[in-house]
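Participant: The following comprises the amino acid sequence and a computationally predicted model.
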Amino acid sequence: MAGSDRERIERAFGRAREELEVRPEFPPEVLAEAERAARGRDPAAADGYAELEDVPFVTIDPPGSRDLDQALHLERAGDGLRLRYAIADVGFWVDRGGAVEREAWLRGVTFYAPDLRVPLYPPVLGQEAASLLPDGVRPAVVFSVEMDPRAEPTSVRVERARVRSRAQLTYAQAQEHVEGGGAKYGGEPWGASLLLLREFGEARREREAERGGVSLPAVDQHVQADAATRLGYELAYEVPAASEQWNEQVSLLAGHVAALRMLEAGVGLLRVMPPPEPEAVDKFRRAAGALGFPWPEGASYARFLRSVALDNPRLPTLVWQARRVNRGADYVAFRGAPPEQPLHAALAMPYAHVTAPLRRLADRYVLDLLVELGAGAKPGAAEVAALERAAEVMNAADSRAAKLERRAVDIAEAYTLRGCEGREYPATVLGFRGGDVEVQLQDPPVRAAARREGGEPRVEPGDTVRVRVVSADVEAGEVRLEVAG
C-alpha cells in the first residue's frame with residue numbers, strides 16, 4: 001500500500017473512532033496507577049487464594065495474543081470429565097474506585113480496528129501482569145466443573161487461586177496435537193488435557209443441538225492487516241478451526257454455570273436473547289433454499305445449520321441471512337426475581353459473560369460476585385448497583401464496538417474497489433434495503449447495496465446478478481453500486 005493510500009485509510013479509521021468516542025490514549029494518572037499495581041503486587045503472596053500452581057494449565061488463542069483471559073485443564077474423573085478453567089483476576093490488580101477502574105467504565109470493552117487496538121485496561125496490566133502468560137504465577141478465578149459422561153455439569157466450585165500456565169498455544173497448534181493423536185506435545189504434562197478437548201467440545205455441541213441451540217457457522221467478513229504480503233489492509237472471510245469451536249464450548253459452559261449460580265442466588269447479570277419469531281425462521285428457510293442449501297424434512301433450524309458444509313462458497317451469504325433470524329443479545333441485571341426472559345435463545349440456556357475480563361468490563365464484576373457467592377456471602381447494595389450500571393454501560397459499548405467494526409469493513413471495501421468505477425462483478429442477492437438490493441460479491445468479498453433504476457430488474461434472495469461500481473469513497477467508507485443485469 002502506497003504511503004498516501006495508507007494515510008487515507010488510517011485517517012478514515014481514526015475518524016470512525018472519533019465519531020464513536022473511542023479513547024485511544026490512557027490518561028497519565030491511569031497509566032501511573034496501573035504501573036504501580038503491576039510492579040508492586042505479588043500474586044505469590046496473595047492472601048486467601050487456593051494453591052493450584054501444580055495444575056498444568058494451558059492457553060489457546062489466536063497467534064500473537066497477549067491479553068490471555070483464560071487457561072484450561074481437562075482430565076478424566078470417574079466416567080466423566082473434570083474441567084478447571086482459570087480466568088484472569090482483574091480484581092487483584094484493579095482497585096474499586098481507582099483511576100484505572102474509572103477509565104474502564106468509560107471504555108466498556110476493548111475496541112478493535114485494523115490499524116489500532118484500543119484496550120480496556122493499560123497494556124502493563126491487560127497484556128502483562130494480569131494476562132495468563134506462561135511466565136510465572138498469576139492470580140485467577142478458577143471454575144472447577146465436574147461433568148457426567150454426557151459432559152453435563154454435576155457440581156461447580158468457583159474460587160480465587162494462584163495458577164501458572166505452562167504453554168501459550170495457537171488454535172492451529174492445539175488442533176495439530178489432537179489430530180496427530182497427541183504426538184506433537186506428548187511429553188508435556190498438559191498434552192493429555194488437550195486430547196480431551198475435542199471429546200469435551202463435540203459432546204457440548206451435541207448437548208447444544210439437543211437443547212435447540214443455534215451455532216452459526218462462524219464465517220464472517222473482517223478486515224485483516226496483511227503485512228507479510230503487501231503491507232496493506234485486506235478483506236477476508238474467517239472460518240474457525242475445529243479447535244476454536246471446541247475451546248468456545250469451554251467458555252460457553254463457564255458462562256452457563258455462572259448464570260445458573262446467579263439465578264439460584266437471586267442476583268446477577270445475564271446475557272439474554274429473545275427467541276426468534278417463527279416468521280423469521282420461515283423466511284430464512286426460503287432464503288436457504290434459494291441459495292441451494294437443502295433443508296432436510298423435519299430438521300430444526302439448529303440442526304439445519306449444523307449440516308451445512310463450511311467449504312460451500314455461498315456460506316457467507318447464508319450466514320448473513322441467518323443473522324437476521326435471531327434478535328440481538330442484551331445484558332440484563334436482576335435482584336430477587338429473575339428476568340422475565342432469562343435465556344440466551346441462540347444457546348437455548350441461561351448464560352452470562354465471565355470469560356473475558358481483560359476485554360469486557362462486566363466480566364470482572366460477575367466474577368467477583370461468583371466468588372462471593374461461593375464463599376457463602378451476599379453482595380451489598382453497592383455491588384448490586386455496579387451490576388445494574390454495568391448492564392447499561394455494556395449494552396452501549398457493544399453497540400459502539402459493532403459500529404466500529406462495521407465501519408472498518410466499509411472503509412476497507414471502499415479501498416478494495418477504489419479505481420474500479422465502471423467495472424462489473426457477479427454478486428448474490430441477499431435481500432433488500434428500501435428500494436435497493438443488498439448484494440454480496442464473492443471476489444472481492446464486498447457486501448453493499450446496489451441501486452435498481454425504476455425498481456427493476458425483479459430479483460429474489462439467492463439470485464445471481466451483475467453489479468457495476470459507480471463510486472468508491474475510501475475516507476467516507478462508501479461504495480455505490482448499481483444492478484447491471
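Facilitator: That came through, no problem.

Participant: Apart from its neighbours in sequence, what residue is nearest residue 471?
Facilitator: Computed as C-beta to C-beta, 6 or more residues apart in numbering, the closest residue to residue 471 that is not its neighbour in sequence is residue 480, at 4.6 Å. Every C-beta, even on glycine, is put in place using the N, C-alpha and C of the backbone.

Participant: Mind listing what's buried along the strand or helix carrying the one you found?
Facilitator: Counting by DSSP states H and E, the element that carries residue 480 is strand 478-483. Neighbour-count burial for strand 478-483 flags 479, 480, 481, 482, 483 (criterion: 16 or more other C-beta atoms under 10 Å).

Participant: Would you reformat those as CSV and include distance to residue 309 and pLDDT?
Facilitator: CSV is the format used below for the buried residues of strand 478-483 (distance: C-beta to C-beta, whole Å; pLDDT from 0 to 100):
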residue, distance to residue 309, pLDDT
479, 30, 93
480, 34, 93
481, 29, 95
482, 33, 93
483, 29, 91
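
Participant: got a pLDDT number for the nearest residue to residue 157 once chain neighbours are set aside?
Facilitator: Distance criterion C-beta to C-beta, 6+ apart; nearest residue to residue 157, sequence neighbours excluded, is residue 144 at 4.5 Å. pLDDT recorded at residue 144 is 98.

Participant: which residues does residue 144 bridge with?
Facilitator: Under DSSP bridges, the beta-bridge partners of residue 144 are residue 84, residue 157.

Participant: I'd assumed residue 83 was in contact with residue 57.
Facilitator: No - look at residue 57 against residue 83 with C-beta atoms under 8 Å: they stay out of range, at 11.2 Å.

Participant: now the end-to-end length of stretch 413-420.
Facilitator: End-to-end distance for stretch 413-420, by C-alpha to C-alpha, to the nearest Å: 12 Å.

Participant: Low-confidence regions, the stretch 151-300 of the chain specifically.
Facilitator: Along the stretch 151-300 of the chain, segments meeting pLDDT under 70 span 216-239.

Participant: Try it again at 80.
Facilitator: By pLDDT under 80, the low-scoring segments of the stretch 151-300 of the chain are 214-240, 283, 286-287, 290-291.

Participant: Show the residue spans covered by the helices in it.
Facilitator: For the stretch 151-300 of the chain, the helices defined by DSSP state H, counting those that start in this stretch occupy 171-179, 191-211, 242-265, 278-290.

Participant: Of those helices, which is nearest residue 381?
Facilitator: helix 242-265 (15.4 Å; C-beta to C-beta).

Participant: buried residues in that closest one?
Facilitator: 242-263.

Participant: Any chance of the helices of the stretch 151-300 of the chain in a markdown table with distance to residue 298 as columns?
Facilitator: Formatted as a markdown table, the helices of the stretch 151-300 of the chain follow (distance: least, C-beta to C-beta, whole Å):
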| stretch | distance to residue 298 |
| --- | --- |
| helix 171-179 | 33 |
| helix 191-211 | 14 |
| helix 242-265 | 25 |
| helix 278-290 | 12 |
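
Participant: Determine which of those helices approaches residue 159 most closely.
Facilitator: Comparing those by C-beta to C-beta, helix 242-265 comes nearest, at 12.6 Å.

Participant: Which of the helices or strands spans residue 370?
Facilitator: Per DSSP H and E: helix 361-374 holds residue 370.

Participant: Give me the residues contacting that helix.
Facilitator: Identification of contacts with helix 361-374 by C-beta atoms under 8 Å, 6 or more residues apart in numbering yields 87, 89-91, 94, 104-105, 107-109, 120, 141, 157-160, 258, 261-262, 265, 267-269, 331, 352-357, 378-379, 383, 386-387, 390-391, 393-394, 397.

Participant: Output the below-cut-off pLDDT ranges for the stretch 1-150 of the chain.
Facilitator: In the stretch 1-150 of the chain (pLDDT under 80), the answer is 1-6.

Participant: how about the helices of it, start to end?
Facilitator: Under the criterion DSSP H, counting those that start in this stretch, the stretch 1-150 of the chain contains helices at 3-19, 28-40, 90-93, 99-107, 123-124.

Participant: can you pull the buried residues of the first one?
Facilitator: Just to be clear, that refers to helix 3-19. By neighbour count on 16+ other C-beta under 10 Å, the buried set for helix 3-19 is 8, 9, 10, 12, 13, 16, 17.

Participant: and what of the second one?
Facilitator: Neighbour-count burial for helix 28-40, counted by 16+ other C-beta under 10 Å, picks out 30, 31, 33, 34, 37, 38.

Participant: In the record's domain split, what are the boundaries for the protein?
Facilitator: Annotated domains of the chain cover 3-276+326-414, 278-322, 418-483 [automatic domain parsing].

Participant: quick one, which of those is packed in tightest?
Facilitator: domain 3-276+326-414 (a mean of 18; mean count of other C-beta atoms under 10 Å).

Participant: Nearest to residue 273, out of the helices of the stretch 1-150 of the chain?
Facilitator: For residue 273, the closest of the helices of the stretch 1-150 of the chain is helix 99-107, at 23.8 Å, according to C-beta to C-beta.

Participant: So which elements touch the closest one?
Facilitator: Helices and strands touching helix 99-107, by 3 or more C-beta pairs under 8 Å, 6 or more residues apart in numbering; DSSP states H and E, are helix 28-40, helix 361-374, helix 381-416.

Participant: Out of those, the one nearest residue 304 is which?
Facilitator: So among the helices and strands packed on helix 99-107, helix 381-416 is nearest, using C-beta to C-beta, at 25.8 Å.
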